[in-house]
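Novice: A structural model of the following input is requested.
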Amino acid sequence: MKILSYIYYFITSFRNFLYDKGLLPIYHVKGVEIICIGNISVGGTGKTPAVQFFVKKLQKMGKNVAVVSRGYRGKRKNEPCLVSDGRVIFASPQESGDEPYIHALNLNVPIIVSKNRYHACLFARKHFYVDTIVLDDGFQHRRLARNWDVVLVDATNPFGGRYLLPWGTLRESFKNGAKRAEEFIITKSDLVSEREVEKIKKYLKSSFHKEISVAKHGVHSLRDMAGNLKPLFWIQGKRVLIFSGLANPLNFEKTVLALEPSYIERIDFMDHHNFKEKDLLRIERRAEQMEADYILTTEKDFVKFPKHLNIPNLYVLKIEFTMLEDHSLKTWRII
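Specialist: Next up, the predicted model:
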């Protein structure tokens, strides 16, 4: 596996070299500022709540914003696909991909998905007259020019095991990728010690000389399948079964542990898993066997449940992205 990581390193490095030297085309969208929220490692850095944070921040600055995403694993007939116009949701999570659908639920801006993100940006400009586009998970999509790159660094695994895929979790060399960033945000800082956060900050600052913000991902709310809010203290002292289809399910477990359950078990599915009835029956059986008081999952996973199923004692945790040290967009040139 390690030899495959070295091969992947040479492929990604050569590709970046071609872009750096202007030997591969880069497409510009005139009249629109593009801010990319991405990472150098695969999954689990907290991009979805971070994108929503930046959209709301830009709206407060008076910007007319849209979100563009690839729509990973979405099965759609037409592209670009309008997931939402900011008021009405037009696509299912199976069509759009789970992250764009979550954006549509939580934001009042156009959400557009396409494998060709340049075409998606042109669509947003033409139909919604936007002046700013937030590009969700596009850091390695170098064929689209952007004005500002925000790189998220997961405090629990900041450098992806220092190896590229498949031995590690890096999409490209961390050092080479980080040089392209305008700023960093250390995410999930609440899951590690302050000393560890300071070590990461020191390395990033001394090596790349960019602005560094620090954020945490805490539980915002707990709701049942009907959407009714429940107090978070309900979890304290209870037996809990959690399940998710996330890149890093251990971080979800750590977040739930902060609510102080008396006992916790975890069922993991593949990242971006589309849940079937048999999956939920498996979850229900395990909950009965362990005498769980509550079953917990993420908002991202819940939107992909078969709508006709009802699981007693199933609750959805909504995760909130909170800046502890906010230097984001500090030196961004506003048009």
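
Novice: helices of the stretch 1-150 of the chain, start to end?
Specialist: 2-20, 47-60, 93-96, 98-106, 117-128 (DSSP state H, counting those that start in this stretch).

Novice: so which elements touch the longest one?
Specialist: It stands for helix 2-20. For helix 2-20, there is no helix or strand it packs on, judged by 3 or more C-beta pairs under 8 Å, 6 or more residues apart in numbering; DSSP states H and E. Every residue, glycine included, has its C-beta placed from N, CA and C.

Novice: can you list contacts of it?
Specialist: Identification of contacts with helix 2-20 by C-beta atoms under 8 Å, 6 or more residues apart in numbering yields 24, 26, 140, 142-143, 163-168, 171-173, 176.

Novice: averaged pLDDT, that helix. What do you get?
Specialist: Averaging pLDDT along helix 2-20 gives 96.

Novice: ok so, going back, out of the helices of the stretch 1-150 of the chain, which is closest to S328?
Specialist: Nearest to S328, of all the helices of the stretch 1-150 of the chain, is helix 47-60, at 7.1 Å by C-beta to C-beta.

Novice: quick one, the closest one and helix 98-106 angle?
Specialist: Calculated by axes from the mean of the first three to the mean of the last three C-alpha atoms, to 10 degrees, helix 47-60 forms an angle of 40 degrees with helix 98-106.

Novice: could you list the buried residues of helix 47-60?
Specialist: K47, T48, P49, A50, V51, Q52, F53, F54, V55, K56, K57, L58 (16 or more other C-beta atoms under 10 Å).

Novice: residues in contact with the closest residue to L257 other than its chain neighbours?
Specialist: Nearest residue to L257, sequence neighbours excluded (C-beta to C-beta, 6 or more residues apart in numbering): I264, at 6.5 Å. I264 makes contacts with R239, V240, L241, I242, E253, V256, L257, as judged by C-beta under 8 Å, 6+ apart.

Novice: which residue ranges of the stretch 201-335 of the chain form helices?
Specialist: For the stretch 201-335 of the chain, the helices defined by DSSP H, counting those that start in this stretch cover 249-257, 277-289, 299-302.

Novice: how about residues contacting the longest one?
Specialist: Around helix 277-289, the neighbours that count as contacts under C-beta under 8 Å, 6+ apart are 241, 243, 265, 267, 269, 273, 292, 295, 305-306, 309, 311, 313.

Novice: farthest pair within the contacts of I264?
Specialist: Using C-beta to C-beta, the two most remote members of the contacts of I264 are R239 and E253, lying 14.3 Å apart.

Novice: can you say which of the contacts of I264 are buried?
Specialist: V240, L241, I242, E253, V256.

Novice: return the closest of those with respect to D154.
Specialist: D154 lies nearest to E253 out of these, by C-beta to C-beta, at 14.9 Å.

Novice: I appreciate the help and will end here.
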